[in-house]
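[1] Quick one, structure for this:
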Amino acid sequence: MRTLSYRITLRKEPEGGYTVLVPALPGCITYGKTVEEAIEMARDAINGYIESLIEDGEAIPVEEDLIECRLTVEAHA
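    I've put the predicted structure just below:
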């Protein structure tokens, strides 16, 4: 068994709760009412995503070649 690490992004929703995105796993998106629940839901979603890849004989994406940065821009609106 391998240990894999994935970045997740939590986005606070206007109606409450948090949407979670897993950038390395396209379409792997989930939701939780609290940060803690959102993180747990992400863990479940990632596990399910990887299980599906294994069942379909597909490669499991890893984040080794990713470069992460944050850009700040000024909006002239």
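[2] Can you tell me how far residue 71 is from residue 21?
    In this structure, residue 71 and residue 21 are separated by 17 Å, where distance is defined by C-beta to C-beta, to the nearest Å. (Each C-beta comes from the backbone N, C-alpha and C, glycine too.)
[3] Break down the protein into its helices, ranges please.
    35-55 (DSSP state H).
[4] how about low-confidence regions in it?
    Under the criterion pLDDT under 70, the flagged ranges of the chain are 65.
[5] Which residues does stretch 52-60 contact?
    In this structure, residues lying in contact with stretch 52-60 by C-beta atoms under 8 Å, 6 or more residues apart in numbering are 4, 50.
[6] the more surrounded of residue 71 and residue 21?
    Neighbour totals were compared for residue 71 and residue 21, and residue 21 leads with 16 against 4 (other C-beta atoms under 10 Å).
[7] so the more buried one touches residue 11, yeah?
    Yes: in this structure, residue 21 is within contact of residue 11 by C-beta atoms under 8 Å, at 7.1 Å.
[8] got the contact list for the most centrally placed residue in the chain?
    The residue at the geometric middle of the chain, judged as the C-alpha nearest the mean C-alpha position with C-alpha atoms, centre = their mean, is residue 22 (1.7 Å). Residues near residue 22 by C-beta under 8 Å, 6+ apart: 6, 7, 8, 28, 29, 42, 45, 46, 49.
[9] ok, and the closest non-adjacent residue to it?
    The shortest distance from residue 22 to any non-neighbouring residue, by C-beta to C-beta, 6 or more residues apart in numbering, is to residue 28 (4.0 Å).
[10] And the one you found, how far from residue 77?
    32 Å.
[11] likewise residue 32?
    31 Å.
[12] and if you look at residue 7?
    For residue 7, the distance to residue 77 (C-beta to C-beta) stands at 29 Å.
[13] neighbour count winner among these two?
    Just comparing residue 7 and residue 77: by other C-beta under 10 Å the higher neighbour count belongs to residue 7, 11 against 3.
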